[in-house]
Each structure stands twice: as C-alpha cells, then as structure tokens.
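In: structure, please.
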Amino acid sequence: MTLCTAHIRQVNDTEELVFATDSCLTGGEKWKHGIKLFELPRKDCLLCFAGSTIRAYPLVLNLVSSIHLDKYLQSPSATLEEVLEFLSEQFTALVSKIISEIQGEDIHELRGSAKFLFGGWDWQKGANGAFRVWKLYYSQEVEGFIFDELTNDSTKTSFSAFMGDAKIDVEREAKYRFNKILLDEDKVQSKLDMEPLRVLSSISLDKSIREVDGSLQIAKIYKSNRTEFFGIYWESSKGKPCFQGREYNEINKPLVRYFDPDTFEIIESDLPSKLSSISEEEYQNDYEFVKDCYDEDGNLKETVSEKEKHTLRLIFKDVAYRQFMKKQEEQPAQIEEV
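Out: Numbers count the residues shown, from 1 in each chain. Here you go, the predicted structure:
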C-alpha cells in the first residue's frame, strides 16, 4: 500500500519536478521503513509505486538491472519516452510469466497488483523542454502494462498528481485535502510550492489510515538533467533525521539536505552560517578551502555550491573528531571504582 505524489514546483524563477511517497509496506504485516522511490541508472527520471510490494519490487529491480546493461538507455540520447516504452515492455514480459499456485485466483489481479508513477525532464519536448509524468498500470484488455501521460493538459497553470491503492481509496482522500488547502489559502489558480507534500504528510501522520505511514521519501528532478534525494526530520522538526524511510541519528545520518516537515523548508542547521574564527592551526590542510567559503566577517557566502557545502560538513566533522581525541589524550584516565 502507498500514497505517492508528483508535482511541478514553481516558486519565483524556480521550476522543478518533485516526487514523494510514504515509507509503509503492508501485506500480512506492517513495516514503516520500505524504499518506495527509486532512482534509475540515468539521472533525469524517477519511479515510485503503489500497491503490492511483492509485485513491485521484482519489476523495479529487473528494470534497474536491465538499464545498467543497456548503454543506450543510460545515455542522454535516449528520450524519456523510449525509457518509458522499454519499462512498459519489460514489465509486460515479466508479469506474463507469473503462474498462480492458488486454485481459482485471478491471474490479471496478480499481474496488475502494483502501479507506478514515472517522470522526469524531457529536454526534447517542445522548444525549451518540459517536465513530464506518466501513470503506468496493467490493462487486462491488452494483458500488459500501458501508460497515460498526466502532464499533457496545457490549459492548467500548475500540475500535481496523487496515486494510491484503489482498495482503500486513499487517492480520493488526498485530492480532497489538497483541494481544501488550495481553497482555504486562495491558491486555486496559483502555481504550487509544497502543498502536495503537506497533504502526503498529513495522511502519513493520520493514525486512522493504516496503509499510509512512515517518514516521507522526497526527490527532485532539475532541468539540468539531474536528480536529488532529500532526507526529512520525522515526525516533526524535533524528530529524528530519516532518509529513504530509515531513521538515523545526527552522527551517522547521510550527508543530504533535510526537510523540516512542519514548514517543508530545507534545514541548514548542520552547517554554521557564521564562524567566529578561521585558523590554519584548526583547519590544517583545509584552511584555504574554508577561508574561501566564508567572507571576512566569518559569514557563509551565498555563492557556496552544494558540493562545497558537502565538503564543509566533512571538514567540520573531522575537526570535531580531532578536537575530541586531543581532549581525551590531555586528560588522565579516570576509572570509577565499583
């Protein structure tokens, strides 16, 4: 079971495609730490699923392995539509091999027990390229997977889509809450920021909806043909850092950017915006790099890139560890008597 969403975020001059899902896997048991949002071997698209994990995981793993072995599909020369057609053909071929071992079980229900959202940046679409999203699902009539494009309505000023398991109709609940936000905040004709993620978060935190649960998994696709996966603090900004459904602590959390689930703004607290001093003794071989990232007053420069921020985090952790070890070496060992 799942609720997933995709939307085009348009804020100021920013336009990016956002994918998100909860982390709950069910099926005779419940587990809140399952990976449900996938990066493919090419960096301009994402895939997520709703429905049966038993059906979705083998399909996704086969797809990832196949693209790894296909140099053309990995290359920018292959269009998103070509990747989509390959995905549809492979899923169809795989589910056609399913054999039910239960007397009287509907083979079409088995084959179609998972559906998918696929999308990315199509630089070949139109004059300037476009973000595109498709729903991929099994059709009993053709006995295979087919797809519908969800981003082909040029009359709309914004795009969003929700996909959930039809058995519990969580998709309808998501659309109701989404429309309510737009009406309450007078945004019906406005461009979207993070409203779909606010809906997903509210349903994942709703204890009456058992099938949608766990921390959110979030990723963005940029026009530069790259993807970025994010972590999130869960269940609130005072909670634990989570990434791809798994909980971490502040020491071992992945070095990615994290969302505040209360505001859906990026938390930058793990990187100091101001340093009181920058000395060669403290930073050693990294002194010049740190000095270049901060201005004369010790403030973090606005021009610092994400790659440089990543390097700064590693440097600061290394400095903290060196200082800790030095402090331990300077203090005499103290053993408590029992």
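
In: low-confidence stretches in the protein?
Out: The chain contains residues with pLDDT under 70 at 1, 154-155, 166-168, 268-270, 332-338.

In: domain parsing for it?
Out: Listed by automatic domain parsing, the domain ranges of the chain are 3-247, 280-330.

In: who's in contact with I35?
Out: Taking Cβ atoms under 8 Å, 6 or more residues apart in numbering as the criterion, I35 is in contact with 23, 217, 244-245. C-beta coordinates here come from the backbone N, C-alpha and C atoms, glycine included.

In: got those as TSV, with neighbour count and secondary structure columns?
Out: Listed next are the contacts of I35 as TSV, based on neighbours: other Cβ atoms under 10 Å; DSSP: H, G, I helix; E, B strand; the rest coil:
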residue	neighbour count	secondary structure
S23	24	coil
Q217	27	strand
Q244	20	coil
G245	22	coil
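
In: what residues are bridge-paired with L17?
Out: Here L17 sits in beta bridges with I8, I221, as judged by DSSP bridges.

In: quick check: it touching V133?
Out: Yes - using Cβ atoms under 8 Å, L17 is in contact with V133, at 7.3 Å.

In: shared neighbours of those two, anything?
Out: With Cβ under 8 Å, 6+ apart, L17 and V133 have common neighbours 6, 119.

In: L314 is in what secondary structure piece?
Out: Assigned by DSSP states H and E, L314 falls within helix 306-330.

In: quick one: that helix to chain centroid distance?
Out: 28 Å (Cα atoms, centre = their mean, to the nearest Å).

In: buried residues in that helix?
Out: For helix 306-330, the neighbour count (16 or more other Cβ atoms under 10 Å) marks 309, 311-312, 315-316 as buried.

In: and the residues you listed, which is closest to M163?
Out: K309 (33.2 Å; Cβ to Cβ).

In: residues touching the closest one, list them.
Out: Taking Cβ under 8 Å, 6+ apart, we find K309 in contact with L271.

In: ok, so what distance separates D297 from S277?
Out: Using Cβ to Cβ, to the nearest Å, D297 is found at 12 Å from S277.
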